[in-house]
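Peer 1: Need a 3D model of the following:
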Amino acid sequence: MRKTFWCIWILLCSIGGVSGQKLARIDYKQLTYLHDIPQLASWGPYSKKYAGISHVPQLEKGLRFDFSVMPGYYRNKVLIPNVRFESGYFPWQVNPEMTSLTYRYELEWKDQVFVDVTYLVLDTSQVLVKLRCVNNTNLPQNLALHLMGYLGYPDVYPAWQVKNTTEAIWQNAINYQSLEFAKSRPSDDLVYDGWLRGEARNSNYVDGSAVAQNFGREKGDKVEYEVIIPKQILKGQLSFRYRLPEQKKVGFKLSGFINQAVELTGTGNFEWLKIPYDVNKAGKYRLSLTSEGDNGVELNGFFLSPPGFAVEQQVIPQPKEFQPELTKGNSASELILKYPDLGNYYGIVWDFSPSQVRELLNDELDIFFKEQVHNHVSARIIGNNQGHYTDVFLRPVELAANSEFTTYGLVCTGSQDRVKNLLAGFKAKKQTQIESVVNNKTAESKVLPDGEPFRFSQQLMEAATLTNVVYPVYTQGNYIRHFTPGKWWNSLYTWDSGFVGLGLSTIDIPKAISNLNAYTTPVGSQSAFIHHGSPVPVQMYLFLELWNKTQSREFLAYFYPRLKQYYNFLAGKSGSSTTRNLKSNLLRTWDYFYNSGGWDDYPPQAGVHAQKLESSVTPVVTTAHCLRTAKILRQAALALGFKNDAKAFDTDIADFTNSLQRYSWDPEAGYFSYVVHDGAGKPAGFFKHPQSGLNYNMGLDGAYPLFSGICTPAQQAILLEKMFSPKHLWTPAGMSVVDQSAPYYRIDGYWNGSVWMPHQWFMWKTMLDLGRADLAFKIARKGLEVWKKETDASYYTFEHFLAQSGRGAGWHQFSGLSTPVLSWFEAYYKPGTVTTGLEIWLTKKSFNQDQTSFNAALEFDTATPAHQRSLLVCMNPKATYEVLFNGKTLASASPYKGLLQINLPATNQPGKLVIQPVKNKSLNGRD
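Peer 2: Got it, this is the predicted structure:
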């Protein structure tokens, strides 16, 4: 049995090199109402507190067991790997399956004294932990290792719960059939964070949720429920749990199985309103509450119970049970933990001596544990009692000068007997057996020789992307595991996560598809899509990228209606959307977020808010993105045979194009302008900088119609000159978002004066669409070089880069908007990759096994006039190639062996592309 078990360990590790992109099949029915990432395992890097490995015992509960290694010098400093600020650890290497995760802990910079901790997920029950301690100095070192186990609760954890009883039935107010505000709100059909309309979250609510958000303040606010009344309480009592400010009142008309008027009176605390009812038979009933107006109420829910039932006694405290019961296993180096709030057990076993098990009773370790590092006496170190950490303290780890030492441990879960068996099984293994598991690594992907210098910086970017995932995040009434731009933002983030998905598409396509799904909703849903932050529709570009990678008709049919719903809201065509309420057909999203293009301190955007002009001034970027996404979805509609949908997109494309050209182009500035509207909603001119009188939009927002494919040749020439001129947008670190010649350009801004990757990705795609592969390469190569220089030096994966120095700044372990470097690396250096702009639709594609031939069927964006377009194909570097399009030879450029930059003829007719080795040329390039 033990031999079989160990063989399974080895097998699990040996298959790690097989890409999930080749094996996995997506179950789209499973995804329909899901916003979780189902490819993620129960074990993963989900902690919102300290880096390590986490276990999610039950997805719906929101509880998380965390296990972290915290190294230090013995009886000296300890490194606490806080994920919320820079703390000396680095996501180092993660395989695409996320079954092997390595973090580096720098005790003495740079790589003088460090600990590499690798977590190998063996199965749903256990994780092998490798602790490699390295001393590269000429002095001996004494280290200490702390193996920390602790329980994590959700941000909103209900302080109150309903007692288990068969006498009363509880229904949370948020579980309604419908809720309508008498006065429409812009967010009615796009509720922030994917919550439900009227939902509020608070620890004082039973279940953590309630109907609030000033529900009831307007006369006619209405909520309707379906109530199931069982036969044992046909005659009973309806009891509402609610809260209102002291001395405030609000009346409601009840209709359905109760028809009467009631009044709720506030005390500032939660109160009960009890109403008798009497029905003839058991079954489903309707219950509506319609407000008489005056004050908003927090409506937590209601009980159905027998008459006179003391419902207030059914709501009882629900404390956080941090502290586990600790028991030893069969040896002094085995420990079992049992938390009161969880049904499963956890086990920790280690193979190092001497060791000591201690308990730390405090809510944080960043200060408390460092203060207590010299407490050598207590096994139970008491702080504020607001948390609990089980500390397996291994000490001292003695390292001779210029030496290293590796030890192992195991963390596991299951029933008590299962945990005991797993701990005993680990103790029975020999060092050589354990090392045989660890040494089965995922094979590195093939890279062109010219790409090798970038490999390490890409490794760190992949590690950051795959470890920036947290649990729990709350949306659509459920807890989910979710990729985030950085753990400082342990939440949804629409445009950032679109770029996370683009990064994931280079690592693991099924995870990228699930990431896309997380932000879309079924047709007819209360929210048109899942919205948090800047409403930049990156999901549309992720959709196109995934289509061109997969050509999956199932994928296309599933996502098209969801993304059409997304688009219709953003384009002001559905529900409560206010984006298109001016008479110019120019779009504005200020009612949903302050940030139009993700560029927080972009000067005209800041100016709109400073002058309180949100209702009358439109940016360019929103209309430009809707134009491009309309073209993408139009292509999808045609592929699915939805000709009427394509015609509707044609109308939008024409309207948006006409509006930008008619109202927004400023020939004097050489940019498209923010547009001011008068009191009647009609366009009234350009938005000018108050101090200089110049156009306020001298920057990338003003160049975005180039991205949409609607510029005249003269406009295109002007904007390209601006974008690549060192006097304007091009800087030593890449493309800025603000023109350096503008009077409002700064060197100390967040975006103003910095270089970011995402808008450069958009413009990189634009250059491919324009047939300017040379300029696309300039953007991508500069981005990769800037990224490599900083990442090699600091090991940080930064948010942005200062324009002049090129040094990184912002969040230090960012993925999100920095993931374009993964796309650029794949496009230019990974054989077997084809990359297009946004106007080429790949209906078929295939490489042969050694990437020495390529065949593809191409269609083009026929909503844009025919023009030359570029694509990139990364081939085997050992051959010389010829390129054919519809049987005719095309010229191609090759900056280095293996990369082909191909300019296609100016046509919108479908075609077949063939790349094959030149005859009489061998794979080594000789005749």
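
Peer 1: in the stretch 801-927 of the chain, what spans have low per-residue confidence?
Peer 2: 920-927 (pLDDT under 70).

Peer 1: and with 50 instead?
Peer 2: Applying pLDDT under 50 to the stretch 801-927 of the chain flags residues 923-927.

Peer 1: all strands of it, in order?
Peer 2: In the stretch 801-927 of the chain, the strands defined using DSSP state E, counting those that start in this stretch lie at 808-809, 833-836, 840-847, 854-860, 869-874, 881-885, 888-890, 892-893, 899-904, 911-917.

Peer 1: CSV for those, including mean neighbour count?
Peer 2: Every residue, glycine included, has its C-beta placed from N, CA and C. Shown next, in CSV, are the strands of the stretch 801-927 of the chain (neighbours: other Cβ atoms under 10 Å):
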stretch, mean neighbour count
strand 808-809, 20
strand 833-836, 23
strand 840-847, 17
strand 854-860, 19
strand 869-874, 25
strand 881-885, 18
strand 888-890, 12
strand 892-893, 16
strand 899-904, 21
strand 911-917, 18
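
Peer 1: Include distance to Trp599 when you put the ones you listed into TSV, please.
Peer 2: Formatted as TSV, the strands of the stretch 801-927 of the chain follow (distance: least, Cβ to Cβ, whole Å):
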stretch	distance to Trp599
strand 808-809	15
strand 833-836	25
strand 840-847	28
strand 854-860	31
strand 869-874	27
strand 881-885	38
strand 888-890	38
strand 892-893	33
strand 899-904	30
strand 911-917	36
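
Peer 1: Taking strand 869-874 as reference, get the angle to the longest helix anywhere in the chain.
Peer 2: Longest among the helix segments of the chain by residue count, using DSSP state H, is helix 773-794. Orientation of helix 773-794 against strand 869-874 (axes from the mean of the first three to the mean of the last three Cα atoms, to 10 degrees) gives an angle of 50 degrees.

Peer 1: Thr265 is in contact with Pro245, correct?
Peer 2: No - counting by Cβ atoms under 8 Å, Pro245 sits too far from Thr265 to count as a contact (10.5 Å).

Peer 1: helix, strand or coil for the closest residue to His728 other than its chain neighbours?
Peer 2: Leaving aside its chain neighbours, His728 sits nearest to Lys722 (4.4 Å; criterion: Cβ to Cβ, 6 or more residues apart in numbering). Reduced to three states with DSSP: H, G, I helix; E, B strand; the rest coil, the structure at Lys722 is helix.

Peer 1: now swap in Leu563 and tell me
Peer 2: Assignment for Leu563 (three-state DSSP): helix.

Peer 1: Burial check on it, number of neighbours?
Peer 2: Using other Cβ atoms under 10 Å, Leu563 has 23 other residues around it.

Peer 1: That one reaches Val538, doesn't it?
Peer 2: No - under the criterion of Cβ under 8 Å, Leu563 makes no contact with Val538, lying 11.6 Å away.

Peer 1: Need phi/psi at Val738.
Peer 2: phi -120, psi 130 (degrees, to the nearest 10).

Peer 1: Revised request: answer the last question for Ser497.
Peer 2: Backbone geometry at Ser497, expressed as degrees, to the nearest 10, gives phi -70, psi -20.

Peer 1: same question, Leu238
Peer 2: Dihedral angles of Leu238 (phi, psi; degrees, to the nearest 10) stand at phi -100, psi 120.

Peer 1: Tell me who's in contact with it.
Peer 2: Ile258, Lys274, Ile275, Pro276, Tyr277, Leu287, Phe302, Phe303, Leu304 (Cβ atoms under 8 Å, 6 or more residues apart in numbering).

Peer 1: Just the buried ones from those?
Peer 2: Ile258, Lys274, Tyr277, Leu287, Phe302, Phe303, Leu304 (16 or more other Cβ atoms under 10 Å).

Peer 1: Can you point out the helix or strand that includes the residue lying closest to the fifth one once chain neighbours are set aside?
Peer 2: Leaving out its chain neighbours, the residue that sits closest to Phe302 by Cβ to Cβ, 6+ apart is Phe240, at 4.8 Å. Taking DSSP states H and E as the definition, one finds Phe240 inside strand 235-243.

Peer 1: How far away from the center of its chain is that strand?
Peer 2: 40 Å (Cα atoms, centre = their mean, to the nearest Å).

Peer 1: Return the subset of the buried ones among the contacts of Leu238 lying in helices.
Peer 2: Per DSSP H, the buried ones among the contacts of Leu238 never map to helices.

Peer 1: could you dump the residues you listed to a markdown table with distance to Val349?
Peer 2: Shown next, in a markdown table, are these (distance: Cβ to Cβ, whole Å):
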| residue | distance to Val349 |
| --- | --- |
| Ile258 | 59 |
| Lys274 | 55 |
| Tyr277 | 58 |
| Leu287 | 55 |
| Phe302 | 49 |
| Phe303 | 47 |
| Leu304 | 50 |
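
Peer 1: Among these, which are located in strands?
Peer 2: Among the buried ones among the contacts of Leu238, the members found in strands (DSSP state E) are Lys274, Tyr277, Leu287, Phe302, Phe303, Leu304.

Peer 1: List the residues that contact the fourth one.
Peer 2: Translated: Phe302. Phe302 neighbours (Cβ under 8 Å, 6+ apart): Trp170, Gln171, Ala173, Leu238, Ser239, Phe240, Arg241.

Peer 1: Contact partners for the nearest residue to the fourth one once chain neighbours are set aside?
Peer 2: Yep, that's Leu238 we're talking about. Leaving aside its sequence neighbours, Leu238 sits nearest to Ile275 (Cβ to Cβ, 6+ apart; 4.7 Å). By Cβ under 8 Å, 6+ apart, the contact set of Ile275 is Gln237, Leu238, Ser239, Phe240, Leu254, Ile258, Gln260, Val262.

Peer 1: Which pair of those residues spans the longest distance?
Peer 2: Spatial extent of the contacts of Ile275 (Cβ to Cβ) is set by the pair Ser239 and Gln260 at 14.7 Å.

Peer 1: More neighbours: which of those two?
Peer 2: Per other Cβ under 10 Å, whichever of Ser239 and Gln260 has more neighbours is Ser239, with 21 against 11.

Peer 1: my guess is the more buried one meets Leu273, correct?
Peer 2: Yes - Ser239 is within contact range of Leu273, at 6.9 Å (criterion: Cβ under 8 Å).

Peer 1: picking that back up, out of the contacts of Phe302, grab the one that's most surrounded.
Peer 2: Ala173 (28 neighbours).

Peer 1: That one and Phe303 touch, don't they?
Peer 2: No - at 11.6 Å, Ala173 does not count as touching Phe303 under the criterion of Cβ under 8 Å.

Peer 1: Give me the common contacts of those two.
Peer 2: Counting by Cβ under 8 Å, 6+ apart, nothing touches both Ala173 and Phe303.

Peer 1: Now the residue located most distally from the centre of the chain. Nearest residue, chain neighbours left out?
Peer 2: The outermost residue of the chain, judged against the average C-alpha position, is Asn280 (51.1 Å), by Cα atoms, centre = their mean. Take Asn280 and drop its neighbours on the chain: the residue closest to it by Cβ to Cβ, 6+ apart is Leu234, 7.1 Å away.

Peer 1: Just give the number of residues close to that neighbour.
Peer 2: Neighbour count for Leu234, taken as other Cβ under 10 Å: 13.

Peer 1: any chance you could map the helices in the stretch 351-500 of the chain?
Peer 2: 368-371, 416-427, 431-438, 455-467, 494-504 (DSSP state H, counting those that start in this stretch).

Peer 1: And the first one, what's buried?
Peer 2: By that I understand helix 368-371. Counting neighbours by 16+ other Cβ under 10 Å, helix 368-371 gives Phe368, Phe369 as buried.

Peer 1: ditto for stretch 514-522
Peer 2: Going by neighbour count (16+ other Cβ under 10 Å), the buried part of stretch 514-522 is Ser514, Asn515, Leu516, Asn517, Ala518, Tyr519, Thr520, Thr521.

Peer 1: If I look at the last one, what pLDDT would I see?
Peer 2: It refers to Thr521. Note for Thr521: predicted pLDDT of 98.

Peer 1: surely it meets Ser527?
Peer 2: Yes - with contacts counted by Cβ under 8 Å, Thr521 reaches Ser527, the gap being 5.7 Å.
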